[in-house]
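K.L.:
Using only what follows, build the 3D model:
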Amino acid sequence: MRRLPLFVIAVVAVVVASCARTVNVEQEKAALMARDAEWATSTTSADTFASFVAPDGTIAVSGAPGIKGPAAIRAAFEPMMKAPGFGLTWQATRADISASGDLGYTAGNYTLKTSTPSGIPVTENGKYQTVWKKIDGVWKVLEDSVTSDTPPALVSKHVVMPASALTWMDVPPDLPPGAKLAVISGDPSMPEPFTLRLQMPNGYRIAPHTHPTDEHVTVLSGTFAAAMGTTFDDKALGDLAAGSYAVMSADMPHYAVAKGTTVVQVHGMGPFVINYVNPADAPAKK
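P.N.:
Prediction:
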């Protein structure tokens, strides 16, 4: 049997229960609309933004896998919010609640402002639907679905990047220091296709971690030794020489070390997020 989206189920539940209201409907709807508006003011802080989400809450953006849980949502949205030109606003146009007053939904329109890696401003408009659940008297996001009004591109963006044109920079704080990174195409912090390169010195280690999306890795030079698992085990490492290719599936724990100066090319669907199995391994915390 085909499963209905949670948003549809919530709307149906609200409609069916409307004949047996046991709460002050208008008062609760106003409270839910106010909660939605309060969440809309949190888009400059990933911590505050994620605090509105229930422990099992999910945010699903069109064209990208859903992100589940406050921790993963915080990790996904933090680099996006820090990107130059970022701005996110939304406003609910309607809301309703269940007869019990602990389940409801809001829906409305949003505007997202970002910029390409070359600095070109981009504005996206769309619609959203949010299912809310009252937990310990506080409305929390159970599922948030976002749909862009912008039609998908029919032709892929043409990119030509000579090796001499690559711009290498220090890796972001979620990777160990000492390596260099160059973005080839797309924006790894956004829900869009991207390609980047990572240049690592000999012995460079990346502790066990996962990604919310598939990671495609092509070894361009050197030897990239990798293995699956939640604990770093040198004996389990398998050497991937130049020309090798691997796919690290979403949510699959893995780790790696560079043998000799090594360059790998990584591509996939953003946002590119690194979640360490052991939070203490996160370089930013060290």
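K.L.:
Whatever helix or strand residue 196 lives in pairs with which strands, parallel or anti?
P.N.:
Element membership for residue 196, per DSSP states H and E: strand 193-200. With DSSP bridges as the test, strand 193-200 is paired with strand 180-185 (antiparallel), strand 254-269 (antiparallel).
K.L.:
With just CA atoms, put it into CSV.
P.N.:
Provided in CSV are the C-alpha atoms of strand 193-200 (Å, rounded to 0.1, in the frame of the first residue of the first chain):
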residue,chain,number,x,y,z
PRO,A,193,24.9,19.0,-7.1
PHE,A,194,28.5,19.8,-6.3
THR,A,195,32.1,18.7,-7.1
LEU,A,196,35.1,19.5,-4.9
ARG,A,197,38.7,18.3,-4.5
LEU,A,198,40.5,17.6,-1.3
GLN,A,199,44.3,17.7,-1.2
MET,A,200,45.7,15.8,1.9
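K.L.:
List the buried residues for the next helix or strand after it?
P.N.:
Once the chain leaves strand 193-200, the next helix or strand it forms, by DSSP H and E, is strand 205-210. The neighbour-count check on strand 205-210 (16 or more other CB atoms under 10 Å) flags 206, 207, 208, 209, 210 as buried. To be clear about C-beta, it is placed using only N, CA and C from the backbone, and glycine gets the same treatment.
K.L.:
Distance to residue 172 and pLDDT for these - can I get that in a markdown table?
P.N.:
Converted to a markdown table, the buried residues of strand 205-210 look like this (distance: CB to CB, whole Å; pLDDT from 0 to 100):
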| residue | distance to residue 172 | pLDDT |
| --- | --- | --- |
| 206 | 13 | 97 |
| 207 | 15 | 96 |
| 208 | 19 | 97 |
| 209 | 14 | 96 |
| 210 | 17 | 95 |
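K.L.:
Okay, now the unreliable bits of the stretch 151-286 of the chain?
P.N.:
151-158, 285-286 (pLDDT under 70).
K.L.:
One more pass at 80, please.
P.N.:
151-161, 284-286 (pLDDT under 80).
K.L.:
now do the stretch 1-150 of the chain
P.N.:
If you take pLDDT under 80 as the line, the stretch 1-150 of the chain has these spans: 1-23, 62-65, 115-122, 150.
K.L.:
can you give me the helices in the stretch 51-200 of the chain?
P.N.:
70-82 (DSSP state H, counting those that start in this stretch).
K.L.:
any chance you could map the strands in it?
P.N.:
53-61, 67-68, 87-97, 103-115, 121-135, 138-148, 169-170, 180-185, 193-200 (DSSP state E, counting those that start in this stretch).
K.L.:
Please work out which of these is packed deepest.
P.N.:
Of those, the one with the most neighbours on average (mean count of other CB atoms under 10 Å) is strand 67-68, at a mean of 22.
K.L.:
just how off-centre is that one within its chain?
P.N.:
7 Å (CA atoms, centre = their mean, to the nearest Å).
K.L.:
Equivalent analysis for stretch 35-43, please.
P.N.:
On CA atoms, centre = their mean, the centre of stretch 35-43 falls 19 Å from the chain's centre.
K.L.:
Turn the strands of the stretch 51-200 of the chain into CSV, including distance to residue 162.
P.N.:
Shown next, in CSV, are these (distance: least, CB to CB, whole Å):
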stretch, distance to residue 162
strand 53-61, 33
strand 67-68, 35
strand 87-97, 33
strand 103-115, 23
strand 121-135, 25
strand 138-148, 32
strand 169-170, 18
strand 180-185, 11
strand 193-200, 13
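K.L.:
Looking at these, which is nearest to residue 227?
P.N.:
Ranking the strands of the stretch 51-200 of the chain by proximity to residue 227 (CB to CB) places strand 193-200 first, at 16.1 Å.
K.L.:
That closest one vs strand 205-210, what angle?
P.N.:
Calculated by axes from the mean of the first three to the mean of the last three CA atoms, to 10 degrees, strand 193-200 forms an angle of 150 degrees with strand 205-210.
K.L.:
what's strand 193-200 in contact with?
P.N.:
If you take CB atoms under 8 Å, 6 or more residues apart in numbering as the criterion, strand 193-200 is touched by 166, 168, 171, 175, 178-188, 220, 222, 258, 261-270, 272.
K.L.:
let's see it at 7 Å
P.N.:
Identification of contacts with strand 193-200 by CB atoms under 7 Å, 6 or more residues apart in numbering yields 168, 179-188, 258, 262-270, 272.
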